[in-house]
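S.K.: I would like to see how this sequence folds:
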Amino acid sequence: QVQLVESGGGLVQPGGSLRLSCAAAGSIYSINAMAWYRQAPGKQRELVATITSGGSTKYADSVKGRFTISRDNAKNTVYLQMNSLKPEDTAVYYCLLDVITVVAGAPGYEYDYWGQGTQVTVSS
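M.R.: Next comes the predicted model:
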């Protein structure tokens, strides 16, 4: 079993910053790609940023230059630093981790795990 715990959401004024964290724990052998998604009210969930196991990153055009995704492999944690926040960034943010589990001490099955979501509200 693998558990993901997200933190760092909240209410911030336009132009402000927040840092989201998503920590994984449990039967983890390794984690491949990590990603952040978001879902605003009445809209589909959209990809915000991804980071590979090698550290390569990609961003949605709407957040380029404002958001930074990073990871700490020793802590099985992915971060999303969000700067210059805008009202249109308001959404529930979810992390997604591509996890290789441990089975009998060896690499086992590969699963995608979602975090529980954290609310980010940008408003004055």
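
S.K.: Give the buried residues for the worst-scoring helix or strand of the chain on mean pLDDT.
M.R.: Least confident helix or strand, the chain: strand 106-114 with a mean of 93, by mean pLDDT, DSSP states H and E. Neighbour counts over strand 106-114 (16 or more other Cβ atoms under 10 Å) mark residue 113 as buried. For glycine as for every other residue, the C-beta is placed from the backbone atoms N, C-alpha and C.

S.K.: and it, which strands flank it?
M.R.: In the sheet, strand 106-114 lines up against strand 91-103 (antiparallel) (DSSP bridges).

S.K.: Centre of the chain to the partner strand, how far?
M.R.: Mean-position distance between strand 91-103 and its chain equals 8 Å (Cα atoms, centre = their mean, to the nearest Å).

S.K.: List the buried residues of it.
M.R.: The neighbour-count check on strand 91-103 (16+ other Cβ under 10 Å) flags 91-102 as buried.
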